[in-house]
Structure formats: structure tokens, C-alpha cells
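Participant: Sharing a sequence plus its predicted fold:
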Amino acid sequence: MAGPPRPAPDGEDITIIPALGGEADLRMAPPEHASLAVLAGLTQDAPRVTPGAGFDGALCLDAPPKLLRNQLDAYVRMAIAEEERARRARTAAQLEAPAPSPLSPRYLKVLYIGAPSPAFLSLERAISRRGGLATAAFSSYAGFDHLHDERFDAVVLNGAQDTQTAISLCAALRRNASLHHLPTLVITAPHDQTTAAAVIERGATGILPVNSPSEGPINWLFEFIARERRRRDAEHEIRALRDVMGDTRTGLFRPDAFEAHLSRLAADHHASGRAISLVALRVLPAHGARQPDENTWKRGFSEIASLAARLMRETDSGAALGGDIIIVALPAARLIAAKRTGERIASVAECTAFASGEGSVGPLVFEQNAVELQPGESGAALLARALRAFEDQSIHA
């Protein structure tokens, strides 16, 4: 957008300031800004990647389009998580809930997987200057053993000697829920655009051709590490704040805390102009199934609620209402996202059956309704509209 940054809803949610002219351009960022995030737009070979005060990170503007989009999506996730952390802290203060403990600091750890390469020495020197540790695994099997046993901030794959293994490893990281967002730098043979395109398609965050200067790609790797650390820190506090306002059995909010937080969510999204959506799921025994006794139903519904808590995003807020309804609020999300969340929870949970006292098993079905915040609508009104569909079904039953 031309002109000075303008916060949403009149302007932008994410502000990107091109800093292709060097240090002078980096001073353009305002000291305080109401955007979700302010990012510096740099080049791949920028001498300085970390932009400093006033910026939340940097984008590599001359990266391949897929890589640039992945970077921007990652910053959006980080920014939404930090916004939700601040919002939950305000709700917790309103309810006089105790403050959770912060995440303990950890030193930097990067894992290198593949055949020996001079790039490993460059990586090791760069990480040691930052007080961290680089670990080498010279086979994919050893590499995944390390990833299973330890927590790393990033992984470097040597795809110059064994291209297919590097591509397969990159894809495997994306299929693992705990490693999906792990920053991944892939070493390729000189001018090997095919491998570069293949690993970027599978979620790699950077490419380092053999015999090319390694400083730029490694600096970008550390920038992405810093971004992911901020996101993890925010999500840790999000979970901790949920726990102090929630039900420890299910991992969901208590109903009173959820309603207070939903009111704040609605007000904040009216102010920002961003969408917020809600999905409600009513859990019922399948038609023709035996109605379980009250204690069995409570135990089974608690298990379904706990499953729902694990299937929603970290930034989503959920609660169990009554003895048969689960509600999920999705910040910065359109109606389609709420519908998909409801379908995901239902499709997994409908496969779950729980036993009655006599040992028989009854299947479950889920009624679903998704709604999106309308102009001027309060959080309480949004919740009432989501639940009204179940009342209408009861009237017409």
C-alpha cells in the first residue's frame, strides 16, 4: 500500500517494508504499530537479515514464489499466536486467574543429516557464535532417532550427494505434526533447480547450493529459527493460560471463561476487521444405539471433548457446554475454516465408541453448525446463533 502504514481495518494486517536499499531503509519502520506484524523485505544475499527494533522479522522478497508464500504464512501464524496470547492474558486477568509459568529458556540446537560437507563446518561455526550446538547424523535413520529423542530448532539436509533421500526426509518432516514447522535448509548440487523446486514444494525453508557462499542461507535459517521460537513461546503461554482457565480433564475452557474470552474475541475482531468463526458440535448416540447410563455418557463425552481439544489449532478456544455440546472459536478464520474444523473433529471422533457398564459399545454421531461473526454482533449473540440450530432441530424433531 502506498503511503505510511495504516492499521486494520482501514489498512493492513501485515506491513511489509521493502529494505532493498540497505540500512537506511530499515529505519522506516514505525516504533509502534497496530498491525499484527511489521516485516522487512530483504534479498536472499542481504548482508544483514535480522532487521532490529520496530520489525517482527524479515521476508526474502526474491525467493521463489512458493517459498515466499510459506514464509509469509509462517509469520501470520506467529503473529496470530502472539495476539491470542495477549488476549488470553487479559481474559485471565479479568477472571483473576493465576499467571502461568513462562517457558524455560533453551540453548540453540540444529541437526545436520547427510554425508559430510564443508557446509556443516560453516553451520557449526555460525551456531557456536550464537552459543548453540550443531549435531551431525550421517544417515537418515540416525537423523530421525535424534529428532525423536531431542528437540531441535532446525534441520539441515545434505541433498547434494543423495537427492532422493533429502526429498523424502523433507516430505517426512511435513507429515509429522511435531516437526511440521521445523525450519529446514537443504544443500543441493550447483545449479540443481529440480531438487530445489522439489524440496521447496515439500516445505523446505531454504536452499544452499554446494560451493556457494553459505553465510546468506545460514543467516536466513537463523531468522526462521527466531520466528519459530517466538511462535512456540506464544503457543506455550496460550496453552498455559487455557489450563488456568480450563478443565484439566479435557484441555478445554470452563464455560464461564470461554464466554468471557469469546466476548473479548468478538470485540477485538470488530476493531481489526478480521473474520472470526465458531463451530458447535452436538454429540449423540447413533440412531438405534442403546442409550448409555449417565456415568458412562459423562466419561465418554469427556474423552470426546479431550479429543476435540487436541484436534483444534493452538490459537482456537474450545469449551464443553452441558453434557453434549462442544463449541470451538477460531480467531482470524472464515466460515469455511470452522466447517472444516467441525468435520475434522467429527470424522475422528465418530470412529470412537465407548463401552457401557454391560460391555456393549454404542457408536456416536455429530450434529454440526458453523457461524461467522456479523457486523455489530457480540460474542454472546454469536454463540447463541451457533446453538440455535440445535434448538430448531429439537423443535422439529
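Facilitator: Perfect, I can see it now.
Participant: Checking residue 329 next. Helix, strand or coil?
Facilitator: With DSSP: H, G, I helix; E, B strand; the rest coil as the basis, the three-state label of residue 329 is strand.
Participant: Leaving out sequence neighbours, find the closest residue to residue 297.
Facilitator: Spatial nearest neighbour of residue 297, excluding adjacent residues (CB to CB, 6 or more residues apart in numbering): residue 323 at 6.9 Å. The C-beta positions use only the backbone N, C-alpha and C, and glycine is treated the same way.
Participant: mind listing what the one you found touches?
Facilitator: By CB atoms under 8 Å, 6 or more residues apart in numbering, the residues touching residue 323 are 297, 298, 301.
Participant: roughly how far apart are the first one and residue 304?
Facilitator: When distances are taken as CB to CB, to the nearest Å, residue 297 and residue 304 turn out to be 10 Å apart.
Participant: between these two, which one's more packed in?
Facilitator: Between residue 297 and residue 304, counted using other CB atoms under 10 Å, the more crowded position is residue 304 (24 against 18).
Participant: in the helix or strand hosting that one, what's buried?
Facilitator: In this structure, residue 304 is located in helix 294-311 according to DSSP states H and E. Buried residues in helix 294-311, counted by 16 or more other CB atoms under 10 Å: 296, 297, 300, 301, 302, 304, 305, 306, 307, 308, 309, 311.
Participant: for stretch 267-275, same thing?
Facilitator: Neighbour-count burial for stretch 267-275, counted by 16+ other CB under 10 Å, picks out 268, 269, 270, 272, 274, 275.
Participant: what sits up against that stretch?
Facilitator: So stretch 267-275 is in contact with 8-10, 13, 83, 87, 276, 331-335, 372-373, 375-376, 379, going by CB under 8 Å, 6+ apart.
Participant: So for the chain, the centremost residue is which one?
Facilitator: residue 77 (5.3 Å; CA atoms, centre = their mean).
Participant: Tally up the residues packed near residue 154, please.
Facilitator: Neighbours of residue 154 under the rule other CB under 10 Å: 25.
Participant: Spatially nearest residue to it, not counting backbone neighbours?
Facilitator: residue 183 (4.1 Å).
Participant: Residue 70 and residue 60, how far apart?
Facilitator: For residue 70 relative to residue 60 (CB to CB), the value is 11 Å.
Participant: of these two, who's got more company?
Facilitator: residue 60 (23 against 18).
Participant: Phi first, then psi, for the residue nearest to that one when sequence neighbours are not counted.
Facilitator: Counting by CB to CB, 6+ apart, residue 60 lies nearest to residue 44, which is 5.3 Å off, once chain neighbours are set aside. Dihedral pair for residue 44: phi -60, psi -30, per degrees, to the nearest 10.
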